[in-house]
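Colleague: give me a model of this one.
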Amino acid sequence: MMNFDSTSKMNKEAMDSMLTTMSAMTKGFQQMAAEATEYSKKSYEDSAAVVEKLVSAKSLDKAIEIQTDYAKTSYETFVSQATKMSELYADLAKEAYKPFEAAAAKTAA
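Modeller: Sure, this is the predicted structure:
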């Protein structure tokens, strides 16, 4: 009977850890999806604004200046977003592993 109780307790702890991990992963993926959606929307809006500026440009030099500024800004925004997304992935991995960290510590002790 004692062995059944300990096995049952271990199974419950494993299930709790799994559910906590799934919850953290769901929350992380939702946050990443929201970030990606926001970035895509802003990128589209910025592109549309540049097209309007290019259409209204009075000279080729002005059009090249607009395009150069847009390329620079787009690159900086992309790098910033990529950094933010990589941080979100790292945070997700840390949060998903936390429940198993305690179990691993118990096993090692």
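Colleague: okay, now the unreliable bits of the protein?
Modeller: Where the chain drops to pLDDT under 70, the residues are 1-2, 4, 109.
Colleague: so which residue is dead centre in it?
Modeller: residue 32 (3.3 Å; CA atoms, centre = their mean).
Colleague: which of the three states applies to it?
Modeller: For residue 32, the assignment made with DSSP: H, G, I helix; E, B strand; the rest coil gives helix.
Colleague: distance check, it against residue 18.
Modeller: Relative to residue 18, residue 32 is positioned 21 Å away (CB to CB, to the nearest Å). In this view, the C-beta of every residue, glycine as well, is placed from N, C-alpha and C.
Colleague: residue 78 too?
Modeller: According to CB to CB, residue 78 and residue 18 sit 36 Å apart.
Colleague: for residue 98, same thing?
Modeller: In terms of CB to CB, residue 98 sits 12 Å off from residue 18.
Colleague: show me where this structure has its helices.
Modeller: 2-55, 60-108 (DSSP state H).
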